[in-house]
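Peer 1: missing the sequence, but the structure's below:
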């Protein structure tokens, strides 16, 4: 009789394990390490309003493609499931000879351990020609509420993503504020920053810093497309009495000579909550990045023009 009971219990357990996972839209949970909310889809890294201006220049079309890569982004959630899985649709599902597919288009699962440290669990190893990838990261996890994090592909994009858990398990928003929501650190660069040749998505530099410092790190690395536009400098140079002091090409920074005192110009900008440049010999040193919109740049130029006209 005891043997029969044990066999029945085993059968029930095995039957439970064989039940298919239930999948939940990943965007129902907290997305971290993302810089902008006004993107074309939740999985893009640049604001949608930049698309037209970028695509006007055919030589910069690659920038918009890179912006559709999910580098650095991740989902945070908590669950008491013994199994955690993933199912997602890749944008391109391509291969590069010099970089592992696990970094290009794979995903990493991490669990927050009892010491408050993020611990690597497993990786989705893309091998299917089909753009829809599936993976059960782990089976036999603690049947208690634990904190999880899934890192997205570095060099591919995602059309949609779903997180899988046991049919009877709970999956919900993360309980802990980790990484902290209060402030974000933004990184700008090219291929290495984006995660070039990282073997896993959790091993790009910004994701490692995020785990170590418990702060969201926005990855604005665009392979081969880390080029700064000079719109701000050219616009300011149209103001009477303002001239760009750089004789050659420039990257982030440029210097302008002004007919007004540097302190007056910077104070006027500060009054409008605009962080101006740095007073230097010969004028003001300015630094402008792609995070500032054309409308914001125009507003700053108008203020400078008004001060210089006095």
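Peer 2: Noted; the coordinates are in hand. Keep in mind that what you see is a predicted model, and the values were worked out from it rather than measured.

Peer 1: Sketch out the low-pLDDT regions of the stretch 201-310 of the chain for me.
Peer 2: The stretch 201-310 of the chain contains residues with pLDDT under 70 at 226-242, 244, 246-252, 289-291.

Peer 1: Helices along that one, start to end?
Peer 2: 205-213, 231-237, 262-271, 294-308 (DSSP state H, counting those that start in this stretch).

Peer 1: Could you list the paired strands of the lengthiest strand in the chain along with their orientation?
Peer 2: Identified as the longest strand of the chain according to DSSP state E is strand 180-189. Strand 180-189 has its sheet partners listed here by DSSP bridges as strand 215-221 (parallel).

Peer 1: For the partner strand, buried residues please.
Peer 2: 215-221 (16 or more other Cβ atoms under 10 Å). All C-beta spots, glycine's among them, are computed from the backbone N, C-alpha and C.

Peer 1: okay, these in a markdown table with distance to residue 28 next?
Peer 2: As requested, those are exported to a markdown table (distance: Cβ to Cβ, whole Å):
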| residue | distance to residue 28 |
| --- | --- |
| 215 | 24 |
| 216 | 19 |
| 217 | 23 |
| 218 | 22 |
| 219 | 23 |
| 220 | 25 |
| 221 | 27 |
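
Peer 1: Tell me how many other residues crowd the closest residue to residue 124 other than its chain neighbours.
Peer 2: Closest residue to residue 124 apart from its sequence neighbours, by Cβ to Cβ, 6 or more residues apart in numbering: residue 135 at 3.8 Å. Neighbours of residue 135 under the rule other Cβ atoms under 10 Å: 19.

Peer 1: Contact partners for residue 135?
Peer 2: Residue 135 is in contact with 85-87, 107, 122, 124-125, counting by Cβ atoms under 8 Å, 6 or more residues apart in numbering.

Peer 1: Mind checking which of those are buried?
Peer 2: 85-87, 107, 122, 124.

Peer 1: Specify the beta-bridge partners of residue 22.
Peer 2: residue 165.

Peer 1: any idea which of the buried ones among the contacts of residue 135 is the one closest to residue 264?
Peer 2: residue 107 (52.5 Å; Cβ to Cβ).

Peer 1: excluding its backbone neighbours, what's nearest that closest one?
Peer 2: In space, residue 107 is closest to residue 124, 4.5 Å off (Cβ to Cβ, 6+ apart).

Peer 1: what does residue 158 give?
Peer 2: Computed as Cβ to Cβ, 6+ apart, the closest residue to residue 158 that is not its neighbour in sequence is residue 43, at 4.5 Å.

Peer 1: same check, this time on residue 134
Peer 2: residue 87 (4.7 Å).

Peer 1: which residues sit in contact with that neighbour?
Peer 2: Residues in contact with residue 87 (Cβ under 8 Å, 6+ apart) are 23, 132-135, 161-162, 164.

Peer 1: Could you check how many residues crowd around residue 261?
Peer 2: Residue 261: 11 neighbours (other Cβ under 10 Å).

Peer 1: Now do it against residue 114, distance only.
Peer 2: Using Cβ to Cβ, to the nearest Å, we find residue 261 at a distance of 59 Å from residue 114.

Peer 1: any idea how far the helix or strand hosting residue 123 is from the chain center?
Peer 2: Assigned by DSSP states H and E, residue 123 belongs to strand 118-124. On the basis of Cα atoms, centre = their mean, to the nearest Å, strand 118-124 sits 19 Å off its chain's mean C-alpha point.

Peer 1: In its sheet, which strands sit next to that strand, and in what direction?
Peer 2: strand 107-112 (antiparallel).
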